[in-house]
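>>> Quick one: sequence and predicted model below, then my questions.
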Amino acid sequence: MQVMELLFPGSSRVERRFATEIHEIDAAETAVINGITVTAYLVEHACGAPPFALRFVCDGKVLAYMGDTEWTDNLLAVGRGADLLIAEALFFERRVKYHLDYASLKGNLERIGAKRVIPLAVSVPFHCALMKPAAARLAPELRALATDPPRVPIVANVDAEPKREAGAAIEALVQQVSSPVRWEAVVGRLASEGVTTYVEVGSGTVLSGLVRKIHRDATVVSFGTPDDFAAVEKALACLHPGQAGG
């Protein structure tokens, strides 16, 4: 739980309907966890920790997950003969350090020999180090904005910490351009602060679905069209002052 809290602040305090266990696996090590055999393979990615691709075996079926990596021959062992291979493809054929392109993957599919492959197409490298040049260009524009302190704290996606000053909120936006979205940690932090109701504003209900998976006892409503207003108004009417969530 200490590791979970370190990586995703607030996540250890979220109530779940299943047990949460953390297992540490070294490169080339195989472990059996809840009846599933897991093998870790070292790949190529600059993430600050040993990056792994994972191979799962259960009931005679094999699932291989390549993770975020450039091509390395270790991926052959990960996906060989897999019933399902899940792979990222950042670009079609352009090669970028630490990321896999579709052309490299396709060129090695026969060597891998997986029975089924699902490429995960990534159109733009959002929220990673490749966006640092964009963050540098955006930063002076954001910092030049006239802002007031937020009326309620804003829990930032970049670090799951509440921002109570306008300057801190702006800096969080700058950092977010090239940093991962820590959504589970954000919801965990909100839940730990007593938030029980969430309103998703805008078209779609993707975030609502994610919130329900993390904070299962929460009330979640979406506000995408004027027709949704009644449901939002009803949900907010049930709140006591200070309990509303965003």
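Good, I have the coordinates.
>>> pLDDT wise, what is the nearest residue to M131 once chain neighbours are set aside at?
Nearest residue to M131, sequence neighbours excluded (C-beta to C-beta, 6 or more residues apart in numbering): S178, at 4.3 Å. No exception for glycine: its C-beta is placed from N, CA and C like everyone else's. If you check S178, the pLDDT there is 88.
>>> For S178, grab the count of nearby residues.
S178 is flanked by 19 other residues according to other C-beta atoms under 10 Å.
>>> cool, and the one 5 residues further on?
Neighbour count for W183, taken as other C-beta under 10 Å: 15.
>>> Strands along this protein, start to end?
Applying DSSP state E to the chain gives strands spanning 30-33, 36-42, 52-58, 61-65, 84-89, 117-121, 154-155, 162-163, 197-201, 219-223.
>>> Parallel or antiparallel, which strands does the second one pair with?
I take that to be strand 36-42. strand 30-33 (antiparallel), strand 52-58 (antiparallel) (DSSP bridges).
>>> Now tabulate these in a markdown table and tack on distance to F126.
Formatted as a markdown table, the strands paired with strand 36-42 follow (distance: least, C-beta to C-beta, whole Å):
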| stretch | distance to F126 |
| --- | --- |
| strand 30-33 | 31 |
| strand 52-58 | 22 |
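>>> re the thing from before, in a markdown table, list the strands of the chain along with distance to V96, mean neighbour count and mean pLDDT.
Putting the strands of the chain into a markdown table (distance: least, C-beta to C-beta, whole Å; neighbours: other C-beta atoms under 10 Å; pLDDT from 0 to 100) gives the following:
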| stretch | distance to V96 | mean neighbour count | mean pLDDT |
| --- | --- | --- | --- |
| strand 30-33 | 31 | 11 | 93 |
| strand 36-42 | 19 | 17 | 95 |
| strand 52-58 | 18 | 19 | 96 |
| strand 61-65 | 20 | 18 | 95 |
| strand 84-89 | 11 | 20 | 86 |
| strand 117-121 | 14 | 13 | 69 |
| strand 154-155 | 31 | 20 | 94 |
| strand 162-163 | 32 | 18 | 94 |
| strand 197-201 | 33 | 18 | 93 |
| strand 219-223 | 36 | 18 | 91 |
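>>> Of all the ones you listed, which one is nearest S104?
For S104, the closest of those is strand 84-89, at 8.8 Å, according to C-beta to C-beta.
>>> list the helices and strands the closest one packs on?
Applying 3 or more C-beta pairs under 8 Å, 6 or more residues apart in numbering; DSSP states H and E, one finds that strand 84-89 contacts strand 61-65, helix 102-112, strand 117-121.
>>> These into JSON lines, with extra columns for distance to I214?
Shown next, in JSON lines, are the helices and strands packed on strand 84-89 (distance: least, C-beta to C-beta, whole Å):
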{"stretch": "strand 61-65", "distance to I214": "21"}
{"stretch": "helix 102-112", "distance to I214": "31"}
{"stretch": "strand 117-121", "distance to I214": "21"}
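>>> This completes my enquiry, with thanks.
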